[in-house]
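Peer 1: Predicted coordinates and the sequence they were generated for:
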Amino acid sequence: MASQNIYILAIESSCDDTAAAVLKNDTLLSNIVATQEVHQKFGGVVPELASRAHQQNIVPVIHQAIAEANIDKKDISAIAFTKGPGLMGSLLVGTSFAKSLALGLNIPLIEVNHMQAHILAHFIKEENFDTPEFPFLALTISGGHTQIVKVDSHFEMEVIGQTIDDAVGEAFDKSAKIMGLPYPGGPLIDKYAQLGDPKAFKFTKPKVEGLNFSFSGLKTAVLYFIQKQVKENPNFIEENRNDICASIQYTIINILMDKLKLAVKQTGINRIAIGGGVSANSGIRKALKEAEGKYGWKTYVPKFEYTTDNAAMIGIVGYYKYLAKEFSDLSVTAQPRYKI
Ligand code: KG4
Ligand code: ZN
């Protein structure tokens, strides 16, 4: 008998993006993301507003995902959803919706860890993109997380390093805010950095034991530096924007690369996959490419739409869990601090 196709409807609502996707086995059929613009004027995500926007967006986003996938609701094999980590109010919207829909359609429900999903996004079938071979190291870098994970199989993962304070995306966003740039500032720092001199200004790297990271000191260093310079020259930021951005980005990339080098040395694994919003950064992409030639690493950078928060990555975990028959009970709850 020919094996049956598995259709997963995936829902992601952990932070400020309401997302839904449909996968047919490990192939993506649709991937819809409604990004919430409401947070921009506040310079960061406002949890209360995020939950409300999820409530408004979730039905249209899921409808669109099913319509674009060109399937019928009755074709769906299971519903996968983000159980955590993330903001409680945001997670509750996706969790409750997923539970109701699974109950209504009488199909299995699958809980997904958002961090595991950022890593398994590399397994969505795509032409011209290699899938990492096990074991590999995953560097997950975003506005909410910074982790190095040793990945032994689709489900066996061990966090071997993580931030002890701010996430790397926060270092980008908070530095940008200090410079008067709008939220999220990461992409803008990246844009200006490409036109500037990375060695124009020097910011010291934090001293953190082992494979852990710290980014709060960098933000403070940028703040004091800018305050001091602006006191002497009120136009300092405008006159040096590209160089400041290039120098901040250079420092951040160096911190990440130093820890990756140590992780490779400690584990003997030289296959590196990146994920999370910050993996869109041109500096980290370039540094990883160079590391292939310099250190003989094999590096994996996902397709752009799978780097920032999306439901396709939740769907691929859903697919593997479906194969393993790892289903959740309808009493499952959202878990803001859900660990890998
Ligand atoms: O994964 P993501 O969409 O959401 C979570 O935080 O989970 O990541 C968003 C983060 C923001 O901090 C944003 O500034 C950063 O990713 N980001 C970038 C770039 N594109 C997005 N940071 C640096 N360079 C970029 N090109
Ligand atoms: Zn994320």
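Peer 2: That came through, no problem. Ligands and ions are numbered 1, 2, ... in the order given.
Peer 1: rest of the way, CA atoms for contacts and neighbours
Peer 2: Will do.
Peer 1: does the spatially closest residue to residue 125 that is not a sequence neighbour have beta-bridge partners, and which?
Peer 2: What sits nearest to residue 125 in space, not counting adjacent residues and going by CA to CA, 6 or more residues apart in numbering, is residue 27, at 5.3 Å. Taking DSSP bridges as the rule, residue 27 bridges to residue 24.
Peer 1: how about the strands in the stretch 51-200 of the chain?
Peer 2: Along the stretch 51-200 of the chain, counting by DSSP state E, counting those that start in this stretch, strands occupy 78-84, 109-113, 136-141, 146-151, 157-162.
Peer 1: Pick the most deeply packed of the ones you listed.
Peer 2: strand 78-84 (a mean of 29; mean count of other CA atoms under 10 Å).
Peer 1: Only the C-alpha atoms, please, for stretch 200-219, written as PDB.
Peer 2: Below are the C-alpha coordinates for stretch 200-219, written out as PDB (Å, rounded to 0.1, in the frame of the first residue of the first chain):
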ATOM      1  CA  ALA A 200      36.300  52.700  13.800                       C
ATOM      2  CA  PHE A 201      35.300  52.300  17.500                       C
ATOM      3  CA  LYS A 202      36.200  49.700  19.900                       C
ATOM      4  CA  PHE A 203      33.800  48.000  22.400                       C
ATOM      5  CA  THR A 204      35.200  45.500  24.800                       C
ATOM      6  CA  LYS A 205      33.900  41.900  24.700                       C
ATOM      7  CA  PRO A 206      32.400  40.500  27.900                       C
ATOM      8  CA  LYS A 207      34.300  37.800  29.800                       C
ATOM      9  CA  VAL A 208      31.900  35.000  30.300                       C
ATOM     10  CA  GLU A 209      32.900  31.400  31.300                       C
ATOM     11  CA  GLY A 210      32.600  28.500  28.900                       C
ATOM     12  CA  LEU A 211      30.000  28.600  26.200                       C
ATOM     13  CA  ASN A 212      27.600  31.100  27.800                       C
ATOM     14  CA  PHE A 213      27.000  34.600  26.500                       C
ATOM     15  CA  SER A 214      26.400  38.000  28.000                       C
ATOM     16  CA  PHE A 215      25.100  41.100  26.000                       C
ATOM     17  CA  SER A 216      23.900  43.500  28.700                       C
ATOM     18  CA  GLY A 217      27.400  45.000  29.200                       C
ATOM     19  CA  LEU A 218      27.700  45.800  25.500                       C
ATOM     20  CA  LYS A 219      24.400  47.800  25.500                       C
END
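Peer 1: Please list the residues outside it that contact it.
Peer 2: 146, 148, 160-168, 171, 174-175, 221-222, 243-244, 247-248, 251, 255, 259, 262-263 (CA atoms under 8 Å, 6 or more residues apart in numbering).
Peer 1: and if we set it to 6 Å?
Peer 2: Stretch 200-219 is contacted from outside by 161-166, 171, 175, 243, 247, 259, using CA atoms under 6 Å, 6 or more residues apart in numbering.
Peer 1: Closest to residue 280 out of these?
Peer 2: residue 171 (15.0 Å; CA to CA).
Peer 1: Can you report how many residues neighbour that closest one?
Peer 2: When counting by other CA atoms under 10 Å, one arrives at 26 neighbours for residue 171.
Peer 1: can you pull the contacts of it?
Peer 2: Contacts of residue 171 (CA under 6 Å, 6+ apart): 215, 219.
Peer 1: Compile the strands of the stretch 51-200 of the chain into TSV and extend it with columns for distance to ligand 1.
Peer 2: TSV is the format used below for the strands of the stretch 51-200 of the chain (distance: least, CA to the nearest ligand atom, whole Å):
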stretch	distance to ligand 1
strand 78-84	11
strand 109-113	12
strand 136-141	7
strand 146-151	10
strand 157-162	15
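Peer 1: Now tabulate those strands in JSON lines and tack on mean pLDDT.
Peer 2: JSON lines is the format used below for these (pLDDT from 0 to 100):
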{"stretch": "strand 78-84", "mean pLDDT": "98"}
{"stretch": "strand 109-113", "mean pLDDT": "98"}
{"stretch": "strand 136-141", "mean pLDDT": "98"}
{"stretch": "strand 146-151", "mean pLDDT": "98"}
{"stretch": "strand 157-162", "mean pLDDT": "97"}
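Peer 1: returning to that earlier point: quick check, pLDDT for the residue nearest to residue 125.
Peer 2: Per-residue confidence at residue 27 stands at 97 (pLDDT).
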